[in-house]
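J.: task: produce atomic coordinates for the following.
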Amino acid sequence: MSPPQPTPARTATVDPPWPARAAVALLALLAALPVLYGVLVTDSGRDLSNAVAIALGGHWPLLGPSFNVIWSLGPAWFYLLALPMLVWPSLSAALLLLAALVAFKVPLAWWLGRRAAGWPAGLALAALVAVPGWSALAALTPTHASVVETAVLAALLLALRARQVGPGASLFPLGLVASLALHAHPTAIASLPLLLVMVWPVLRQRPWALLGLLLGGLLPVLPVLWYEVGRGLPQLSGTADYFGRSDYGARFAAMPRTAFGVLFGGEAFADRLLQQDAAPWPLLQLAVPLLALGALLGALRLAREGQRLALALWLYLLAALIFVLLLRHPMPPWMVHSLMPLKACALLGVLGLARGLHARSVLAALLAVLAASALGWQLAALEQARRSGELRVPVAWAVDVTGRAARGDDLRSYLPAFEQPRLARRLCRSGDDLRLHGDLAALLSMAEASASAIHCGANVPRIGGADGGRHRVGLPLALLARMGLEPDQRFAGFGLIQPAAVLHPAEGVPLRLDPEYLPDRLNRLRARGLQRIDLAFDCPRGEWLAVSDLGFSGNALRVSVTERERPRAADAQGWLTQAWRCAGEPIRLQGEALRAELVDVVRLR
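T.: From the prediction side, this is the model:
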């Protein structure tokens, strides 16, 4: 007779071998590095500029990140990011903390799975939360929403621990972490019913434990409550208006396609990001749906044997998915990051296809190899893009989980986050007479000058402008290659060229720290209207005319170039810069933008 097979409860007491622990550590490291390679987008700039302003002193916000110009979270995220910069006054400190918080989801998943069903489940769950999907976008655009997976997993782990400890467990830590998860992104509310079910035995036997749960949840909300009560609770009326205007019929009609996008669209995004190719192989797009099928079969198999937890997790994931899909349409990926831990827990049902500790550990190891390989591939793609200064981002998936959004040019100028402090320090050392132009200047501006503010102090650098004694135009090396130009110097994937002439604007724009959210500033500028540009100048043969939008996409720049009254299309183009080869004829440049002073016009040779 064969010996009895270990059950999850029994394998939970088996000490994990050192290769499993090493695999978890490797996965955590590989999950942290893409955050440092991330792009400091508008929301990143909002988060970091507030944190830098707090670290520098005199800025004490009561509100945190805002949504849809209606809701604002508490400021806990801003203060958390500021803490390391109080010890080490560098933007790198905040970036390292952000990377550590994102990567901490891997050991949290390991502890959660191990505590629930043994170390093979822990290793499998750690691998499943690390596999690039929508998490690849969360790392590429590091913001408060990037840490919601970590916060949800921490709450699940605390709830499981409270359930296993029993009536003596304190629920204050769970309330605090669950509230912080809501501050990472409000859609984390979809996990709250599951957390309450998990701790219900504690609440039933010790009802006053609810007090600790509520107190922990209330603490991070106090600043925004103070602000709201003093102003008549404007967010409540805004919420009622939002849901009153919502078209739920359209959301229900789109639900099947959107649900598929939530569950598997992230893998389509990751495949295109990892392969940087116009026609990538659908590797993760095949692997993860097959894994989901295996997880469903495993959950059904376990249910037939009386173990219904895996099937219950699938049903809960479906309910949480429907709830989130009713909140918004179209559905942007950052709205579903909070569902990814639930998806990973549901996928853990694939272990139900394995019998015995050995089979489960082999399957978990295969999942770890898949996750580590994909993360390594992601890093290689980002490093290749860093060297060229351009990254091909699947924009259609980045704004809509179905991938059916109107597609623009996927090519983006690319400066990894970890390069921003180095660029700021270099700019600060150059003195007040240096003017930086081109895409490199725009990327510094997009981060809301958070790097230059903490590294330059009172020496505020300027971007663009004909004033100043020295000028350097920073363009992606890939774009310069298309133009046939050799840079004078190099920085990361950008070439620095001394311009032959700076034609617009007359004065440089100071890179001043501004914690206000850029879309709020743009709304006021739109009310003012567009500013016009009309320039006429000579363009000597052999030179290039380059027009860069230092206000990036939010500046609403439209520009046209005519030569002897004949319109000319750009001869080379990047994300933020258009370039025309000069033919020795007079040129007229006309355009309009929200901020004309951010339209950078130079001649290159």
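
J.: from now on I want contacts and neighbour counts done on CA atoms only, so please keep to that.
T.: Noted.

J.: residue 150 against residue 107, yeah?
T.: No. Residue 150 sits out of contact with residue 107 when judged by C-alpha atoms under 8 Å, with a separation of 9.6 Å.

J.: where does pLDDT dip in the stretch 351-500 of the chain?
T.: For the stretch 351-500 of the chain, the stretches flagged by pLDDT under 70 are 405-409, 432.

J.: where exactly do the strands run in it?
T.: 390-392, 411-413, 434-437, 462-463, 470-476, 489-491, 494-497 (DSSP state E, counting those that start in this stretch).

J.: mean neighbour count and distance to residue 555 for those - can I get that in a markdown table?
T.: As requested, the strands of the stretch 351-500 of the chain are arranged in a markdown table below (neighbours: other C-alpha atoms under 10 Å; distance: least, C-alpha to C-alpha, whole Å):
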| stretch | mean neighbour count | distance to residue 555 |
| --- | --- | --- |
| strand 390-392 | 23 | 21 |
| strand 411-413 | 20 | 16 |
| strand 434-437 | 25 | 16 |
| strand 462-463 | 24 | 15 |
| strand 470-476 | 24 | 19 |
| strand 489-491 | 15 | 26 |
| strand 494-497 | 24 | 22 |
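
J.: okay if I get those as TSV plus distance to residue 264?
T.: TSV is the format used below for those (distance: least, C-alpha to C-alpha, whole Å):
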stretch	distance to residue 264
strand 390-392	20
strand 411-413	23
strand 434-437	40
strand 462-463	41
strand 470-476	33
strand 489-491	37
strand 494-497	34
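
J.: for residue 273, find the nearest of the ones you listed.
T.: Nearest of these to residue 273, taken as C-alpha to C-alpha: strand 390-392 at 6.9 Å.

J.: report all helices and strands that the closest one contacts.
T.: If you count contacts as 3 or more C-alpha pairs under 8 Å, 6 or more residues apart in numbering; DSSP states H and E, strand 390-392 packs onto strand 411-413.

J.: what packs against the strand it packs on?
T.: Here strand 411-413 is seen to pack against strand 390-392 when contacts are counted using 3+ C-alpha pairs under 8 Å, 6+ apart.

J.: strands paired with the strand it packs on, and their directions?
T.: Take DSSP bridges as the rule and strand 390-392 pairs in its sheet with strand 411-413 (antiparallel).

J.: run the chain-centre distance for whichever helix or strand residue 588 is part of.
T.: Following DSSP states H and E, one finds residue 588 within strand 586-593. Its chain's C-alpha centre lies 36 Å from the corresponding centre of strand 586-593 when counted by C-alpha atoms, centre = their mean, to the nearest Å.

J.: name the helices or strands packed onto that strand?
T.: Short answer (3+ C-alpha pairs under 8 Å, 6+ apart): strand 586-593 packs on strand 531-538, strand 558-563.

J.: got the ones you listed as TSV, with distance to residue 68 columns?
T.: Converted to TSV, these look like this (distance: least, C-alpha to C-alpha, whole Å):
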stretch	distance to residue 68
strand 531-538	26
strand 558-563	26
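
J.: deepest in the core, which of those is it.
T.: Most buried of the helices and strands packed on strand 586-593 by mean neighbour count (mean count of other C-alpha atoms under 10 Å) is strand 558-563; its value is a mean of 16.

J.: who's in contact with it?
T.: By C-alpha atoms under 8 Å, 6 or more residues apart in numbering, the residues outside strand 558-563 that reach it are 567, 568, 569, 585, 586, 587, 588, 589, 590, 591, 592, 593.

J.: quick check, nearest of the residues you listed to residue 556?
T.: Each of these was checked against residue 556 using C-alpha to C-alpha; the closest is residue 593, at 5.3 Å.

J.: contacting residues around the closest one?
T.: By C-alpha under 8 Å, 6+ apart, the neighbours of residue 593 are 530, 531, 532, 555, 556, 557, 558, 599.

J.: against residue 592, how distant is the closest residue in space to residue 593 that isn't next to it in sequence?
T.: Distances taken as C-alpha to C-alpha, 6 or more residues apart in numbering put residue 557 closest to residue 593, at 4.4 Å, once the chain neighbours are dropped. With the distance defined as C-alpha to C-alpha, to the nearest Å, residue 557 ends up 6 Å from residue 592.

J.: which of these two has more neighbours?
T.: Set side by side, residue 557 and residue 592 show more neighbours around residue 557, with 23 against 19, by other C-alpha atoms under 10 Å.

J.: quick one: low-confidence parts of the stretch 51-200 of the chain?
T.: Regions of the stretch 51-200 of the chain meeting the criterion pLDDT under 70 cover residues 69.

J.: picking up where we left off before, and the strand holding residue 588 with strand 558-563, angle?
T.: 170 degrees (axes from the mean of the first three to the mean of the last three C-alpha atoms, to 10 degrees).

J.: now do the buried residues in strand 586-593.
T.: When neighbours are counted by 16 or more other C-alpha atoms under 10 Å, the buried residues of strand 586-593 are found to be 587, 588, 589, 591, 592, 593.

J.: hmm, back to that, in CSV: the helices and strands packed on strand 586-593, plus distance to residue 61 and mean pLDDT.
T.: Compiled in CSV, the helices and strands packed on strand 586-593 are given as follows (distance: least, C-alpha to C-alpha, whole Å; pLDDT from 0 to 100):
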stretch, distance to residue 61, mean pLDDT
strand 531-538, 32, 94
strand 558-563, 36, 94
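
J.: which stretch among those strands comes nearest residue 293?
T.: Distance to residue 293, taken as C-alpha to C-alpha, is lowest for strand 558-563 among the helices and strands packed on strand 586-593, at 48.3 Å.

J.: for this protein, longest helix please?
T.: For the chain, the helix reaching the highest residue count under DSSP state H is reported as helix 356-388.

J.: against which helices or strands is that one packed?
T.: If contacts are counted by 3+ C-alpha pairs under 8 Å, 6+ apart, helix 356-388 sits against helix 18-36, helix 119-130, helix 266-275, helix 477-483.

J.: which one of these lies nearest to residue 229?
T.: Judging those by C-alpha to C-alpha, what sits closest to residue 229 is helix 18-36, at 36.8 Å.

J.: next SSE after the closest one?
T.: Past helix 18-36, further along toward the C-terminus, the next helix or strand under DSSP H and E is helix 42-56.
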